[in-house]
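Chemist: Quick check, what structure comes out for this input:
(one chain, ligands or ions: 2)
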Amino acid sequence: NIDAPNNLSLHGKHILITAGPTQEAIDPVRYISNYSSGKMGYALAEAAVILGAKVMLISGPTNLAVPKGVSVIQVITAEQMLNAVLEELPRHDIVIKSAAVADYRPKQFASQKIKKTDGFMTIELEKNSDILLEIKNHKLPHQVIVGFAAESENVIDNAKSKLLRKDLDMIVANDISHGDSGFMVDNNKVTILTRSGQSIDLPLQSKQIIARRILEQIQNKE
Ligand code: CTP
Ligand code: CA
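Modeler: Ligands and ions are numbered 1, 2, ... in the order given. Purely as a prediction, here's the structure:
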């Protein structure tokens, strides 16, 4: 557990955090998703409350308990997450997008369970909106926008190009190529990159500690 510091440094700040995966339905019994557990986003929400922030969590399906003092909107799909984020955006000072949004959804939802047949099976997919690109078009000048980048190779270069393309203040580059870091597990290995060109390489450590480090960097920006 992390104690609250004496000066509650995010006191009164409204922070919007997205967490977890999204699920995109194929038929009544199947969906497309990813291995995100939501642990990083929930750790951020908990740490932000401890630092005195007012926290709204927009969460995809997870098995996690919502931390004490955190407000939550539960969503399933990327489209629902987008709508909730755009609705909440104007009320917040800081947005942290740790959710692992599904990039694609089935083009058609089959209202009846799809039966297996001989030969290959093809599901046509269409792209979901990029929520961070939508935020880019709607954000206010004072808002600090923080993204994540899940990368299995060229971690820093790929994260830097996402920082620029999505016009972020900061991006947390997440190396998911090692089993002891990233999706599903309690630890993470990240590098924080800022728009001003800073690069802060954090050691492999718990998502709780990483959350605190990320919030400290955001606070330094404020
Ligand atoms: N993101 C988003 N909306 C999407 C997809 C991603 O807002 N439809 C956000 C994530 O929440 C994260 C950041 O964009 O903060 C980067 O997500 P990531 O999956 O690493 O990057 P993509 O831009 O989707 O590119 P790719 O998956 O091809 O690497
Ligand atoms: Ca993606």
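
Chemist: List the strands paired with the helix or strand of the chain with the lowest mean pLDDT, with their directions.
Modeler: For the chain, the helix or strand with the lowest mean confidence is strand 187-188, at a mean of 90 (criterion: mean pLDDT, DSSP states H and E). Using DSSP bridges, the strands paired with strand 187-188 in its sheet are strand 205-206 (antiparallel).

Chemist: Quick one: name whatever helix or strand follows the partner strand.
Modeler: Using DSSP states H and E, the next helix or strand after strand 205-206 towards the C-terminus is helix 207-221.

Chemist: Who are the packing partners of that following helix?
Modeler: Other helices and strands packing on helix 207-221, by 3 or more CB pairs under 8 Å, 6 or more residues apart in numbering; DSSP states H and E, are helix 39-50, strand 94-97, strand 144-151, strand 170-175, strand 187-188, strand 190-194. The C-beta positions use only the backbone N, C-alpha and C, and glycine is treated the same way.

Chemist: quick one, phi/psi of the nearest residue to residue 127 once chain neighbours are set aside?
Modeler: Spatial nearest neighbour of residue 127, chain neighbours left out: residue 104 (5.8 Å); criterion: CB to CB, 6 or more residues apart in numbering. Backbone torsions of residue 104, given as degrees, to the nearest 10, read phi -130, psi 160.

Chemist: coming back round to it: nearest to residue 80, of the helices and strands packed on helix 207-221?
Modeler: With CB to CB, the closest approach to residue 80 among the helices and strands packed on helix 207-221 belongs to strand 94-97: 14.9 Å.

Chemist: What pairs with that closest one, parallel or antiparallel?
Modeler: Checking strand 94-97 against DSSP bridges gives partners strand 14-19 (parallel), strand 144-151 (parallel).

Chemist: Quick check, pLDDT for the closest residue to residue 208 other than its chain neighbours.
Modeler: Using CB to CB, 6+ apart and skipping the chain neighbours, the partner closest in space to residue 208 is residue 43 (5.1 Å). Predicted confidence (pLDDT) at residue 43: the value is 98.
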